[in-house]
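[1] how would this look folded up:
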Amino acid sequence: MNAVNTPGLLKRLRQVFGSTPSDTLLWSSHVRIFQQARWGVIVIYAFQLYLALKTIPQWSGMASREGLLPLWPVAWMNALPYETAIYAVLMLFLTGSLLGAVLGRYRIGRIAAFFGLLQFVAWNNSYGKIGHSLHVLLFISFVLIFLPTGWHLKASNRTTRQHTLFTYWSAQAVPLIAYSMAGMVKVGCGIYQLAVGQASVFGPEGLPRHVADRLLQTGSETLLGPWVIENAWLVLPGMWITLYLELFALYALFRPATRIWFVGGLLIFHAASYFTMTIWFPQNCFLLLLLMLLFPATARRPALTLSSLQSLPLLGAFFRTVNGH
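    I've put the predicted structure just below:
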């Protein structure tokens with residue numbers, strides 16, 4: 001089955017990355033794939049509402065938080081009394097998330113969901129430190145604003161299905177782009193550190209030093225932190241694998257067969273980060289599972305097979321050789 005009406009640039013990207021129409025069928029009229037995308041969107045808005053409801057027991061503590069220096073999206077807070085402004089942000093977050101979950105079929109509901117989340121993220125990062133736990137969800141919420149009218153209908157016409165799948169594909173790209181950007185930064189910094197004779201992510205001292213610095217800063221005691229520091233050479237291959245997964249994460253968007261390897265590896269990376277440095281991104285983990293594996297919107301679900309290993313960037317050539325191809 002051939003893809004049709006594919007935008008020229010995206011068609012070219014699919015050709016460059018070698019993705020076959022029978023593998024992705026991303027812009028096809030396949031109803032089952034469209035239903036996966038529909039449910040994926042619905043769960044995303046339900047997840048945002050869950051996060052908003054989860055903050056309610058903490059509202060009183062949030063209202064007494066000190067040191068506010070409002071970022072530009074919440075600069076209006078300076079015009080209101082301190083606690084009033086914070087409660088206003090929290091209400092915007094809750095109300096917007098509720099409208100997104102209940103009225104997500106309408107663009108105004110999706111705009112409200114994005115705006116409420118933007119206000120909350122901006123306020124939460126207005127205390128001198130930027131956290132990234134909700135940035136992926138924020139950008140996904142923005143992308144979903146552009147879903148077409150009628151995306152929620154099971155019996156949508158072909159044009160609506162195509163537009164919905166394209167928007168959903170763009171939402172899937174968000175977390176993968178974030179990981180690839182992180183990988184590029186780490187590789188770039190590593191190359192610079194090598195050039196000036198410093199310990200880098202490419203050598204055995206890079207990760208243990210980072211773990212030790214993190215534990216000293218936070219005063220934390222972790223399950224794996226001391227072991228990583230004492231066994232630098234043993235954890236070095238894991239560092240290289242992580243760099244590979246992050247750097248090439250976006251590739252998984254074009255080759256769905258590889259997604260289970262990328263998602264599985266990145267989830268292990270997050271778990272390892274938590275048990276070594278208490279760094280944890282549960283929202284990103286959930287969104288990875290949701291968009292890439294639970295509702296992947298592809299004809300064939302990712303599987304742990306040799307053929308999927310052969311589709312990996314760079315390493316795929318090795319596995320093809322092992323398999324005799």
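
[2] what residue ranges in the protein score low on pLDDT?
    Filtered on pLDDT under 70, the chain yields the residue ranges 1-30, 301-302, 323-325.

[3] Tell me how far residue 250 lies from residue 178.
    Residue 250 sits 9 Å away from residue 178, going by CB to CB, to the nearest Å. Backbone N, C-alpha and C define where each C-beta goes, glycine included.

[4] now residue 251
    For residue 251, the distance to residue 178 - CB to CB - is 14 Å.

[5] How about stretch 280-293, which residues are buried there?
    281, 283-288, 290-293 (16 or more other CB atoms under 10 Å).

[6] Turn these into a markdown table, including distance to residue 203.
    Below are the buried residues of stretch 280-293 laid out as a markdown table (distance: CB to CB, whole Å):
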| residue | distance to residue 203 |
| --- | --- |
| 281 | 26 |
| 283 | 32 |
| 284 | 27 |
| 285 | 28 |
| 286 | 33 |
| 287 | 32 |
| 288 | 29 |
| 290 | 36 |
| 291 | 34 |
| 292 | 31 |
| 293 | 34 |
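
[7] Could you dump these into CSV with secondary structure and distance to residue 126 added?
    Below are the buried residues of stretch 280-293 laid out as CSV (DSSP: H, G, I helix; E, B strand; the rest coil; distance: CB to CB, whole Å):
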residue, secondary structure, distance to residue 126
281, coil, 20
283, helix, 19
284, helix, 22
285, helix, 26
286, helix, 25
287, helix, 24
288, helix, 27
290, helix, 28
291, helix, 29
292, helix, 32
293, helix, 35
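
[8] Do a quick rundown of the helices in the stretch 101-250 of the chain.
    In the stretch 101-250 of the chain, the helices defined using DSSP state H, counting those that start in this stretch lie at 107-124, 135-144, 158-195, 206-218, 225-230, 232-247.

[9] now those in TSV, with mean neighbour count and distance to residue 64?
    Formatted as TSV, those follow (neighbours: other CB atoms under 10 Å; distance: least, CB to CB, whole Å):
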stretch	mean neighbour count	distance to residue 64
helix 107-124	21	14
helix 135-144	21	25
helix 158-195	18	32
helix 206-218	16	23
helix 225-230	16	32
helix 232-247	17	38
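
[10] Redo those as TSV? Include distance to residue 63.
    Formatted as TSV, these follow (distance: least, CB to CB, whole Å):
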stretch	distance to residue 63
helix 107-124	11
helix 135-144	22
helix 158-195	31
helix 206-218	26
helix 225-230	35
helix 232-247	37
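
[11] Quick one: closest of those to residue 37.
    Counting by CB to CB, residue 37 lies closest to helix 158-195 out of the helices of the stretch 101-250 of the chain; the figure is 4.0 Å.

[12] Which strands or helices does the closest one pack on?
    helix 31-55, helix 135-144, helix 232-247, helix 251-254, helix 282-288 (3 or more CB pairs under 8 Å, 6 or more residues apart in numbering; DSSP states H and E).

[13] Quick one: closest of these to residue 75.
    Judging the helices and strands packed on helix 158-195 by CB to CB, what sits closest to residue 75 is helix 135-144, at 17.7 Å.

[14] which residues sit in contact with residue 203?
    Applying CB atoms under 8 Å, 6 or more residues apart in numbering to residue 203 gives the contacts 194, 236.

[15] Dihedrals phi and psi, it?
    Per-residue torsions, residue 203: phi -110, psi 170 (degrees, to the nearest 10).

[16] just residue 132 next, same as before
    phi -110, psi 10.

[17] For it, give me its contacts.
    residue 281.

[18] go with 10 Å
    Residue 132 sits next to 121, 125, 138, 178, 182, 281, 283-284 when contact means CB atoms under 10 Å, 6 or more residues apart in numbering.

[19] Just put the residues you listed in a markdown table and tack on distance to residue 322.
    Converted to a markdown table, those look like this (distance: CB to CB, whole Å):
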| residue | distance to residue 322 |
| --- | --- |
| 121 | 45 |
| 125 | 47 |
| 138 | 42 |
| 178 | 32 |
| 182 | 30 |
| 281 | 34 |
| 283 | 37 |
| 284 | 32 |
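
[20] Residue 221: which of the residues you listed is nearest?
    Distances from residue 221 to those, taken by CB to CB, are shortest for residue 281, at 20.7 Å.

[21] ok now do the closest one, which residues does it touch?
    The contact partners of residue 281, by CB under 10 Å, 6+ apart, come to 131-136, 266, 269-270, 273-274, 287-288.
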